[in-house]
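1. 3D model of this:
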Amino acid sequence: MRRIAVLLAAALLSAPVLASHCPADMAKIDQILKTDPPADPAVLEQVKKLRAEGEELHKSGDHAESEKVLAEALNLLQASE
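-> As a prediction, the model looks like this:
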């Protein structure tokens, strides 16, 4: 029983650490949009949409999906360079 409690506590404490990746990705996207936005308006609009979707997923607690969506936005930004 004690092992289960320790395992559960460790899982609960690690959740915020895993969630911290989303804000870092959002900040990176925001920085790129501010300093070097894509020239193609369609790409810019798609990145903004994905960024907003990623933030909503993060706020709702779906961090894995948020990371996927934000990674897609970052890939679009890198491909447009």
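2. what residue ranges in this protein score low on pLDDT?
-> Counting by pLDDT under 70, the chain shows low-confidence ranges at 1-20.
3. Quick check: nearest residue in space to the residue nearest to the spatial centre of it, chain neighbours excluded?
-> In the chain, the centroid-proximal residue (C-alpha atoms, centre = their mean) is residue 22; its distance is 3.3 Å. Excluding the flanking residues, the one nearest residue 22 by C-beta to C-beta, 6 or more residues apart in numbering is residue 58, at 4.1 Å. (Glycine included, C-beta is placed from N, CA and C.)
4. what sits against that neighbour?
-> Residue 58 makes contact with 19, 22, 23, 26, 66, according to C-beta atoms under 8 Å, 6 or more residues apart in numbering.
5. Next, count neighbours for residue 35.
-> Close neighbours of residue 35, defined as other C-beta atoms under 10 Å, add up to 7.
6. what does residue 75 give?
-> By other C-beta under 10 Å, neighbour count at residue 75 equals 12.
7. One more: residue 43?
-> Residue 43: 16 neighbours (other C-beta under 10 Å).
8. so what's it closest to, chain neighbours aside?
-> Going by C-beta to C-beta, 6+ apart, residue 43 has residue 80 as its nearest residue, at 5.0 Å.
9. mind checking which helix or strand the residue nearest to residue 22 is in?
-> helix 41-60 (DSSP states H and E).
10. now the angle between helix 41-60 and the helix or strand following that helix, please.
-> Downstream of helix 41-60, the next assigned helix or strand under DSSP H and E is helix 63-79. On the basis of axes from the mean of the first three to the mean of the last three C-alpha atoms, to 10 degrees, helix 63-79 is oriented at 160 degrees to helix 41-60.
11. wait, isn't residue 47 in contact with residue 26?
-> No: counting by C-beta atoms under 8 Å, residue 26 is not a contact partner of residue 47; they are 11.6 Å apart.
12. more neighbours, these two?
-> For residue 47 versus residue 26, neighbours defined as other C-beta under 10 Å are more numerous around residue 47 (23 against 18).
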